[in-house]
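Trainee: Sharing a sequence plus its predicted fold:
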Amino acid sequence: MKALVYYGPHQMQWEDWLEPQPGPGEALVRVRAVGICGSDLRGYTGESSHRVPPMVMGHEAAGEVIALGADAPDKLLGMRAVMRPDLVCGSCDACRSGHVNHCSRRQLIGVHIQGAMAEFVTLPAGNLLPLPQEVSYAHGSLVEPLAVGLRAIHRAGEIAGRTVLIAGSGPIGLLTLVAARQLGARAVVATDVIPERLEVAAALGADAALNPTEPDWEEHLVETIGAESVDTAFDAVGIPATLGQCMQMVKTGGAVVAIGGWRSIELQMNQLVCKEIDLRGTFNYNVEEFEQALEWLAAGCFDPDLLVTHTYPLYEGADTFAYMAKKNTEGIKFILTQEALG
């Protein structure tokens, strides 16, 4: 088979690769669409060391089941499927308590083992969820990042009737916005410095979409929510500017949830202490959150085309990564696809 293989910072090739074979309880999936996650891009540039070359990246994926290993359910054969990319043991304390995202033996395809930026990938049968016929494969690849956004909202506690700030309107920030709306937030304010992303945030239901470099953005936020500060803030980027927005605008005793936590940044301890801010992390999702994300997508709770701004053939993946690594501000979600999309 062919695969997009990462060999080191800014080194990626579409080339022949060993085709995987499904083992007991596994399925072989023909990949139809796979999203480029921000973590994939940081691996490509060398900013993150989690992906060790040679590596086939890709964990936001959908495809078609074409073969089964021994003991895999026959009903899966031919199924259009969304891939839950985390392989967990099911027996450690975290798994038994429902927190599979903290499994002590957790592996993620495209990070710890070979991933979905290839013609084929294998997964345990239990990691495959049926993708409704009316949902395209490209849209199906949004289930994984939407589950990340849903997990972030759950980490904040009760969100219904609350006011929310989401700092950063990239794919994760926008899907966190979708989750906040689905779970009944009273008012949601999104920020970003890219006008096109602010337009998408507004289209997805943000009550205000603000550029925090504008001098009056805080006034607009206060006017929008009808209060001096928000109940909960989400940092969907993980840089000093976005964490600073959250710490500044959350109320005393409020919660700040850090989603984009891929590098170390300075923390303003005086705000954390004096405002008694509850600073929380969030990591991936559990099984129920992944399933809920698929249900929302299938139900048409938001327009996926607002996020999927670019699709390219998988064989052009190396050029796509190189383009994205130049820090171009064009586009939101980049999807790599193979033929026979539906």
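Mentor: Received, thanks.
Trainee: Trp113: what's it in contact with?
Mentor: Not quite, residue 113 is Ile, not Trp. Ile113 sits next to 87, 107 when contact means CB atoms under 8 Å, 6 or more residues apart in numbering. Placement of C-beta: from N, CA and C, glycine included.
Trainee: Check it and give its pLDDT.
Mentor: On the pLDDT scale, Ile113 is placed at 93.
Trainee: One more: Glu339?
Mentor: 72.
Trainee: Roughly how far does it sit from Arg80?
Mentor: Computed as CB to CB, to the nearest Å, the Glu339 to Arg80 distance reads 15 Å.
Trainee: Those two: which is more packed in?
Mentor: Summary of the neighbour comparison: Glu339 and Arg80, criterion other CB atoms under 10 Å, with Arg80 having more neighbours (20 against 7).
Trainee: what pairs with the more buried one across the strands?
Mentor: Each beta-bridge partner of Arg80 is listed here: Glu64, as defined by DSSP bridges.
Trainee: On the pLDDT front, check it for me.
Mentor: Model confidence at Arg80, given as pLDDT, is 98.
Trainee: Distance of it relative to Asp278?
Mentor: If you measure Arg80 against Asp278 using CB to CB, the figure is 41 Å.
Trainee: ditto for Gly168
Mentor: 20 Å.
Trainee: What of Thr122?
Mentor: Counting by CB to CB, the gap between Thr122 and Asp278 amounts to 41 Å.
Trainee: For these two, indicate the residue with more neighbours.
Mentor: Between Thr122 and Asp278, Thr122 has the larger neighbour count (other CB under 10 Å), namely 19 against 15.
Trainee: Quick one: residues contacting the more buried one.
Mentor: By CB under 8 Å, 6+ apart, the residues touching Thr122 are 20-23, 26-29, 69.
Trainee: Select from the residues you listed every entry located in strands.
Mentor: 26-29 (DSSP state E).
Trainee: of all the residues you listed, which two lie farthest apart?
Mentor: The largest distance within the ones in strands among the contacts of Thr122, taken as CB to CB, falls between Glu26 and Val29 and amounts to 9.6 Å.
Trainee: Mind pulling up the pLDDT for the nearest residue to Leu307 once chain neighbours are set aside?
Mentor: In this structure, Leu307 finds its nearest non-sequential neighbour in Lys333, 4.6 Å apart by CB to CB, 6 or more residues apart in numbering. Per-residue confidence (pLDDT) for Lys333: 96.
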